[in-house]
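**Student:** what shape does this take:
(one chain, ligands or ions: 1)
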Amino acid sequence: MSDHVAKNREYWDRISRDYQREHDVQLGKVEPTWGVWAIQERELDILGDVSGKDVLEFGCGGAQWSVALAKRGARMTGIDLSEEQLRHARGIVASEGVEVTLVHGSAEATPFADASFDIVFCDHGAMTFADPRRTVPEAARVLRPGGLFAFSMATPFLDLCYDAATQAVGDRLVRDYFDMKPIEDDGAVAFQLPYGEWIRLFRRSGLVVEDLVEIRPPADAKTTYEGYAPLEWARRWPAEHIWKLRRER
Ligand SMILES: C[S@@+](CC[C@H](N)C(=O)[O-])C[C@H]1O[C@@H](n2cnc3c(N)ncnc32)[C@H](O)[C@@H]1O
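**Tutor:** Below is the predicted model:
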């Protein structure tokens with residue numbers, strides 16, 4: 001297990017209980033929502049109709065998204081690195097009475113066969129906490145031709161303005177864009193790439209960019225993730241975005 005995978009497993013096992021308690025209200029909504037400011041999937045329509053599709057949640061955490069999509073007729077699989085997060089997921093799946101296959105493992109090297117899924121997605125999941133040079137080809141491998149890969153995460157703007165010393169996001173660039181390093185915070189390791197590198201990595205992996213949705217939360221947006229970025233900041237610059245990619249046929 002690589003160093004960042006071990007660190008992130010330890011981190012998510014450690015914070016899982018408090019995390020689920022703190023964000024339960026936001027994560028547990030019937031209508032699934034994207035990102036820190038809980039923008040509804042119904043509004044963004046990233047995944048489209050999931051009914052009858054094989055869908056993989058890539059770092060499913062408490063599996064709230066997987067449960068919501070299973071209720072819409074998707075055949076759901078969730079993979080996560082953290083046993084503690086999966087413990088929550090099993091509880092939620094059982095109490096909601098839906099079928100979701102939960103797998104303990106890393107999104108960097110999954111146990112799934114080639115071309116097993118119609119959709120691979122995550123909302124601030126493994127695409128933040130695992131190395132994209134491994135997860136992007138892995139998602140492409142398990143997707144069927146024409147399949148959708150969609151994920152939300154922090155933007156490079158946010159990461160460049162994040163000051164580790166104050167653990168806050170300001171209105172100045174305080175980190176380098178070129179030779180960008182993963183950000184380590186409280187034991188967790190989060191990844192980011194410059195835009196050009198993302199696009200070259202997608203193309204090398206056989207993925208075509210369909211959209212890059214830059215999230216601008218409404219002025220009255222609410223969140224349980226208060227420390228992520230000030231709402232006024234995210235109204236001026238994109239703090240999160242969603243990549244929407246298509247596996248080449
Ligand atoms: C912020 S949660 C995402 C789940 C849910 N969407 C949410 O917002 O709570 C991030 C999840 O990614 C998982 N994770 C981190 N690294 C991973 C990896 N290499 N493979 C699979 N899951 C990973 C963590 O264990 C955690 O459950």
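**Student:** what about the closest residue to the ligand within the chain, which SS state?
**Tutor:** Closest residue of the chain to the ligand, CB to the nearest ligand atom: G61 (2.7 Å). Using the backbone N, CA and C atoms, a C-beta is placed for each residue, glycine as well. At G61, secondary structure determined by DSSP: H, G, I helix; E, B strand; the rest coil is coil.
**Student:** find the nearest non-adjacent residue to it, please.
**Tutor:** In this structure, G61 finds its nearest non-sequential neighbour in Q85, 4.9 Å apart by CB to CB, 6 or more residues apart in numbering.
**Student:** just checking, that neighbour is part of a helix?
**Tutor:** Yes: under three-state DSSP, Q85 falls within a helix.
**Student:** for it, which residues are in contact?
**Tutor:** 12-13, 16, 20, 60-62 (CB atoms under 8 Å, 6 or more residues apart in numbering).
**Student:** hmm, try it at 10 Å
**Tutor:** Listed by CB atoms under 10 Å, 6 or more residues apart in numbering, the contact set of Q85 reads 9, 12-13, 15-17, 19-20, 59-63, 78, 102, 104.
**Student:** longest strand anywhere in this protein?
**Tutor:** In the chain, with assignment by DSSP state E, the single longest strand is strand 143-154.
**Student:** ok, that strand near the ligand or not?
**Tutor:** No: Strand 143-154 does not reach the ligand (CB under 6 Å from any ligand atom); its nearest approach is 8.5 Å.
**Student:** for the record, mean pLDDT for whichever helix or strand comes after that strand?
**Tutor:** With elements assigned by DSSP states H and E, the helix or strand that comes after strand 143-154 is helix 156-160. Helix 156-160 carries an average pLDDT of 97.
**Student:** dump the C-alpha coordinates for helix 156-160 into PDB.
**Tutor:** C-alpha atoms of helix 156-160 as PDB (Å, rounded to 0.1, in the frame of the first residue of the first chain):
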ATOM      1  CA  PRO A 156      -6.900  24.200  -8.600                       C
ATOM      2  CA  PHE A 157      -8.100  27.800  -7.700                       C
ATOM      3  CA  LEU A 158      -9.100  26.700  -4.300                       C
ATOM      4  CA  ASP A 159      -6.000  24.600  -3.600                       C
ATOM      5  CA  LEU A 160      -3.700  27.400  -4.800                       C
END
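**Student:** just how off-centre is it within its chain?
**Tutor:** Centroid displacement of helix 156-160 relative to its chain, using CA atoms, centre = their mean, to the nearest Å, is 16 Å.
**Student:** do stretch 168-175 as well
**Tutor:** With CA atoms, centre = their mean, you get 23 Å for stretch 168-175.
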